[in-house]
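1. here is the input, now give the coordinates:
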Amino acid sequence: MEPFSSAFTIDLRRLAVLRELQRRGSVARTAEALHLTPSAVSQQLTGLAREFGVPLTEREGRGLRLTAQARVLLAHADVIAAQLERARTDLAEYAEGGRGTVVVGCFSSGILGLLPPALRALRERLPHLRVDVVEAEPPDLFTALDAGQVDVAVAVDFAAAPPHTDVRYTREDLLTDVLDVALPRGHRIAGRASVPLRELAAEPWIIGRASSCCGAVARSVCAASGFTPDVRHAVDDWAALSALVEAGAGVALVPRLVRSVYAGRELALRPVTGSAPSRNVFAAVRAGAEGDPVLAAVREELRNAANVLDG
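-> Take a look at the predicted model:
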């Protein structure tokens with residue numbers, strides 16, 4: 001390729017496509033995430049490579065992999081994205097604070113247990129602020145965050161979430177959400193004060209999809225206890241899951257964030273014997289946006305709500 005001239009311009013949308021390809025690992029998955037065709041993704045990548053005069057992808061079997069030059073460019077793309085967020089924050093300081101719309105993306109049990117007190121506090125603190133909530137999980141949640149469709153992401157650490165070291169985001173841990181065992185009220189060990197998870201290895205299990213944060217964490221917890229659960233019912237809805245447990249259809253691991261869903265149900269919630277399984281809940285904004293006064297208020301109220309739950 002010819003080296004680029006000193007007058008070249010960068011299409012930031014093409015950089016966004018390259019960042020998404022890094023996350024998704026294939027053109028097809030990148031296209032699906034960005035609501036583009038695979039051909040359009042390939043054209044964007046080709047155009048970006050032409051702008052810089054270096055190859056950004058190379059063939060690997062039937063797919064593509066990023067070149068070393070692409071990884072160098074991605075490091076700069078993260079810095080560019082963060083600086084643009086800082087510019088957005090600086091401009092926000094000239095506007096009247098506490099107005100406009102903030103979109104919070106959050107996983108389902110976080111919406112049930114964490115967001116309500118935070119939203120109530122925000123209504124009192126910033127009555128002119130509109131807060132919209134979108135149910136989403138990684139990796140789609142962070143694709144939306146990158147695209148500006150979400151302003152604050154609330155998520156659980158698991159394989160599909162970005163690592164702590166990801167420079168694209170400013171993140172903070174909110175709380176440790178403990179998982180308990182849900183048993184039918186008449187289960188043979190429902191009367192115990194705590195339950196050894198290994199004793200439930202032969203039971204039918206009710207667990208969410210493997211791609212969901214709760215389903216992935218539950219499977220990991222069982223694996224750490226020395227068994228692969230016999231998943232009879234793949235259910236992501238917490239009310240539906242509690243109904244199945246109550247009906248004796250199986251056992252489940254449930255986060256304490258959703259305990260309100262189980263009030264009045266004929267089932268038993270018991271802690272796991274020994275070290276309690278848990279999951280880490282965190283909030284993230286785009287790097288550079290942490291100084292935005294409105295987003296700072298949202299994050300503070302999320303911390304306040306998390307402190308009450310974690311106390």
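2. hey, let's count contacts and neighbours off CA atoms from now on
-> Noted.
3. spatially nearest residue to Ala289 (excluding sequence neighbours)?
-> Spatial nearest neighbour of Ala289, excluding adjacent residues (C-alpha to C-alpha, 6 or more residues apart in numbering): Glu85 at 5.0 Å.
4. list the contacts of that neighbour.
-> Taking C-alpha atoms under 8 Å, 6 or more residues apart in numbering, we find Glu85 in contact with Arg286, Ala287, Gly288, Ala289.
5. which stretches in the stretch 1-150 of the chain count as strands?
-> Using DSSP state E, counting those that start in this stretch, the strands of the stretch 1-150 of the chain run over residues 57-60, 63-66, 100-106, 129-135.
6. what's the closest of these to Arg14?
-> Checking the strands of the stretch 1-150 of the chain against Arg14 by C-alpha to C-alpha gives strand 57-60 as the closest, at 13.5 Å.
7. how far away from the center of its chain is that closest one?
-> Put simply, strand 57-60 sits 29 Å off its chain's centre (C-alpha atoms, centre = their mean, to the nearest Å).
8. what is that strand packed up against?
-> Packing partners of strand 57-60 (3 or more C-alpha pairs under 8 Å, 6 or more residues apart in numbering; DSSP states H and E): strand 63-66.
9. low-scoring stretches of this structure, by residue?
-> Counting by pLDDT under 70, the ranges of the chain that qualify are 1-9, 90-99, 311.
10. just the buried residues of the lengthiest strand in it, please?
-> Longest strand in the chain, counting residues (DSSP state E): strand 169-184. For strand 169-184, burial by neighbour count (16 or more other C-alpha atoms under 10 Å) applies to 169-171, 173-184.
11. what does stretch 54-61 give?
-> Val54, Pro55, Leu56, Thr57.
12. the last one contacts Leu66, correct?
-> Yes. Contact status for Thr57 versus Leu66: in contact at 4.6 Å, counting by C-alpha atoms under 8 Å.
13. run through the residues that contact Ala210.
-> By C-alpha under 8 Å, 6+ apart, Ala210 lies in contact with Ala216, Arg219.
14. helix/strand/coil for it?
-> Assigned state for Ala210: coil (three-state reduction, DSSP: H, G, I helix; E, B strand; the rest coil).
15. any idea how far Ala247 is from Arg185?
-> Separation of Arg185 from Ala247 (C-alpha to C-alpha, to the nearest Å): 9 Å.
16. among the contacts of Glu85, which are in strands?
-> In strands, judged by DSSP E, the following of the contacts of Glu85 are found: Arg286.
17. contacts only, for Arg209.
-> Gly215, Ala216, Ala234, Val235, Asp236.
18. hmm, 10 Å instead?
-> Gly215, Ala216, Ala218, Arg219, Val231, His233, Ala234, Val235, Asp236 (C-alpha atoms under 10 Å, 6 or more residues apart in numbering).
19. in a markdown table: these, plus distance to Ala263 and neighbour count.
-> Output for the contacts of Arg209, formatted as a markdown table (distance: C-alpha to C-alpha, whole Å; neighbours: other C-alpha atoms under 10 Å):
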| residue | distance to Ala263 | neighbour count |
| --- | --- | --- |
| Gly215 | 22 | 18 |
| Ala216 | 25 | 17 |
| Ala218 | 22 | 26 |
| Arg219 | 25 | 20 |
| Val231 | 24 | 18 |
| His233 | 22 | 18 |
| Ala234 | 22 | 14 |
| Val235 | 19 | 17 |
| Asp236 | 18 | 19 |
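20. nearest to Ala49 among these?
-> For these, the residue nearest Ala49 by C-alpha to C-alpha is Ala216; the value is 36.6 Å.
21. tell me how far Gly226 lies from Ala201.
-> Gly226 is 8 Å from Ala201, by C-alpha to C-alpha.
22. higher neighbour count, these two?
-> Ala201 (16 against 12; other C-alpha atoms under 10 Å).
23. settle this for me: that one is touching Asp230, isn't it.
-> Yes. The pair Ala201 / Asp230 is scored as a contact, 7.8 Å apart, by C-alpha atoms under 10 Å.
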